[in-house]
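K.L.:
can you look at this prediction? I've put the sequence above it.
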Amino acid sequence: MFDEFYHGAHEPIDLIVLLLQNKWQANTRKRTVTFICTSMKNTHNNYKSFFLPRYNIVIIISTIFIASLGLSSDNVMAGIETSFLYRLSNFSGPIPYNWANVAVDKERNEIYVLDRQERDITLFNDSGMEFYRFGDDGSLGTAVDAAVDKDGNILVLSTSWPKVLVAKYNFRGEPIGQLALKDFPSDFSVFSPDRMVYREGLLYLLDSSRLRLAVTDANGLFQNGYDLGSLAGIKEKERDGTDIGGFSVDSAGNILFTIPIKFAAFILFPDGEIMSFGKPGGAPGKFNNVGGIVADDQGYYYVADKLKSAILVFDKDLQFQLEFGYRGFSPESLNGPKDLALDSEGRLYVSQLGNRGISVFQITYK
Amino acid sequence: MRTKKRKEEIKEMKLMKLLLVIMAAAVVTLALGGNALAFHGGGVAYCAGCHTMHNSQDGEKRTDTPGGALLLQADASSACLRCHADYGQLTNDGTGYGAGGDYYWIKRTWTWTITRGTRTITNNSYGYEHGHNIIAADFGLPTGDPKLDVAPGGSFDSSNLSCASCHDPHGKGDAPLILRNNASYADGTAIFPKGPVMATLSRTTTPGNGGYETDDNHVAYGSGMSAWCAACHWTFDDELSYMHPTDETLGTTIANNYNKYISTGNTGGGIDKTGKYLALVPFETGATDVANLDTSSTDGPDSVSKVACISCHRAHATAFQDAGRWDFAAEFLDESHPDGGATDNSTAAEKTHSYYGRDIATDFTTEQRSLCNKCHIQDS
């Protein structure tokens, strides 16, 4: 391209190219940034008139600015490491789930997986081995999400439009009742939740396509409601077709969610303040199509990217740290990661496509 | 001489300014671009969203083989469904209630037995018979159609079938639903005319959302749909082939039948078209301008309305054979398969979803026969 530009130009020019060479070294998991300055001098005679010093400065500053915009998110040293552990399995090997929902009972470090295709819930121990399964008799109906309350009971959300049902099961998978969703205000009269999180005695019910979140107490009594679309700045005309891709609530009660079509992740703090981060793009640290989002107790945010097939990690200041996964045949490769969950031992659970099931990664802080 | 030199300097200055403008534009694009745009904003996504230019990610070579066209995913449909599965085009339970239907159904096979005297006969409604067998390996659809090598009524190779066979992910043209528009494949197996005239709904088709089909919230078809389907199924649009007509006006008799037919044994609806639209049996109004189409219209047809392929079939898939909008094989629609587990291996929810939330016994009658009768009334 340079050659074509050089010879094709009507006026002879000289170019000084200042490059930022940014390279990620996988073996050392470190990034090097190198400045390269080079001159492409031509042989024509009006070098001086063209290459005035003030333009040199403008070119160089602009180049640095452009390069920094493109690369600024990359040159941060990661404060954590991740390593692949295993995939959730039974005695036949890894279970080939596709985009299953994952929930973690942090008190008991048990993992609950809702397989919407098979309509069952499987319980795994903290070694990732199945130890119980229920619902495979069809009794769960059209279950869309599951959560675990403080007593270890399993809550199952079913939506048979327009009816919403939260059923409660004991640890054996035996039905022990239903939550009556009560006192919902009129602006929640059309509300079809498809995601559910239980945290600190509160039940968070998300209607991901209407961008609305209802919070109830443990008995289903309405406590609070959020129009996440408005809070995220979604205009009325944009709402149709704008969905929430991932959703969770961290240990501090912050509500985390992603909106793929906006290439953005959001943090809604309990005081009502909202913050967003993310830029579109294929480069490390940028979002293609974001799904699940979780945060650990150290303040790191983990965002699943379904198109990039990677998990992106940001620190508490929302600075990009690293990303890992990618399609491939290696054990640590990922395929269409979507739902995420964290347990109390620093293990990250990643739900995938393509019969890849749920991969588990260990997070280590440097 | 001085003038010539001065001119050259001016030219150089202009070039310099041009360079600065380009750089400024790049800065603005990098800083502001994309955040406010949807993935297909401007008609096309950014390339790296779906493609890997050098079969690499984060500076390392990928360990797998990219899909065709350097796709990041295993194949074109898998790329599309990363996003659109969530919108209801391939659900986990059949709750994609869009006009095109839900690819979920091509993953579901119903099996049941009937007894005739001493004989027990096993029947099947195979998943691969339920719609277009797109290849989407990442979503459990790796093989394509196991029976048909080419499109019925045409020669399009079924092993190439993907979302991108009919939709143009790069959004060329101005067709609804980014349908392929005045385009053709090099081998001549599909020659698409101008995209049909139709008013569409939201792409989110799960129950309660904007694309959820009901009698007052539906795609409004104007014209050109059958000719467009015929891009691949070209002999099915051949008037000499003794097939059910498509792209033909209904005429007064058929239009009146449609409007007065309520259910088997009940033709008391009257010929006034007001409030007679049935989304299970749509039609083209004949409109050639999308401005004349209304997705909330509940009007039935009139004599110039047209029957189209989509009057009886859905474009993606349904719970029934031949992507039928209803079970063509059932004597009584209330006994369609899936029957909710009464005799086959389906669930109650699948029975409900198969007719887009309608209860045939309640909304029609337990003796409701084929909806061919909506136009032809042979069951009164």
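P.N.:
Sure thing, it's come through.
K.L.:
next up, phi/psi of whatever residue of chain B ends up closest to chain A, please.
P.N.:
Residue nearest to chain A within chain B: residue B:48 (2.8 Å; CB to the nearest CB). In short, each C-beta sits where N, CA and C put it, glycine included. In terms of degrees, to the nearest 10, the main-chain angles of residue B:48 are phi -70, psi -10.
K.L.:
that one: neighbour count?
P.N.:
By the criterion of other CB atoms under 10 Å in any protein chain shown, residue B:48 has 18 neighbours.
K.L.:
grab the nearest non-local neighbour of it.
P.N.:
residue A:282 (2.8 Å; CB to CB, 6 or more residues apart in numbering or on different chains).
K.L.:
and the one you found, what does it touch?
P.N.:
Shown in contact with residue A:282 (CB atoms under 8 Å, 6 or more residues apart in numbering or on different chains): A:288, A:308, B:46, B:47, B:48, B:49.
K.L.:
farthest pair in these?
P.N.:
The distance between the two most remote of these (CB to CB) is 13.3 Å, for A:308 and B:47.
K.L.:
between these two, which one's more packed in?
P.N.:
Neighbours were counted for residue A:308 and for residue B:47 using other CB under 10 Å; residue A:308 has more, 31 against 12.
K.L.:
which residue packs closest to that one, ignoring adjacent ones?
P.N.:
Excluding the flanking residues, the one nearest residue A:308 by CB to CB, 6+ apart is residue A:288, at 4.4 Å.
K.L.:
now do the contacts for the one you found.
P.N.:
Contacts of residue A:288 by CB under 8 Å, 6+ apart are A:263, A:280, A:281, A:282, A:305, A:306, A:307, A:308, B:48, B:49.
K.L.:
report the two of these separated the most.
P.N.:
Greatest spatial distance among the contacts of residue A:288 (CB to CB): A:281 and A:306, at 15.0 Å.
K.L.:
those two - which one has more neighbours?
P.N.:
Using other CB under 10 Å as the criterion, residue A:281 and residue A:306 rank with residue A:306 on top: 28 against 20.
K.L.:
is that one in contact with residue A:291, as I believe?
P.N.:
Yes. Between residue A:306 and residue A:291 there is a contact at 4.9 Å, judged by CB atoms under 8 Å.
K.L.:
report the central residue of the chain.
P.N.:
Looking at chain A here, since you left the chain open. Using CA atoms, centre = their mean, the residue of chain A that lies closest to the mean C-alpha position is residue A:303, 2.3 Å off.
K.L.:
um, chain B though
P.N.:
Among the residues of chain B, the one closest to the centroid is residue B:100, at 3.5 Å (CA atoms, centre = their mean).
K.L.:
what sits against it?
P.N.:
Contact partners of residue B:100, counting by CB under 8 Å, 6+ apart, are B:89, B:314, B:315, B:316.
K.L.:
residue 196: how many residues sit nearby?
P.N.:
If you meant another chain, say so; for now it's chain A. Residues contacting residue A:196 under the criterion other CB under 10 Å number 20.
K.L.:
let's do chain B instead
P.N.:
Applying other CB under 10 Å, we find 23 other residues in the vicinity of residue B:196.
K.L.:
how about it: what's its closest non-neighbour residue?
P.N.:
Spatial nearest neighbour of residue B:196, chain neighbours left out: residue B:224 (3.8 Å); criterion: CB to CB, 6+ apart.
K.L.:
what do you get for residue A:253?
P.N.:
Nearest residue to residue A:253, sequence neighbours excluded (CB to CB, 6+ apart): residue A:270, at 4.9 Å.
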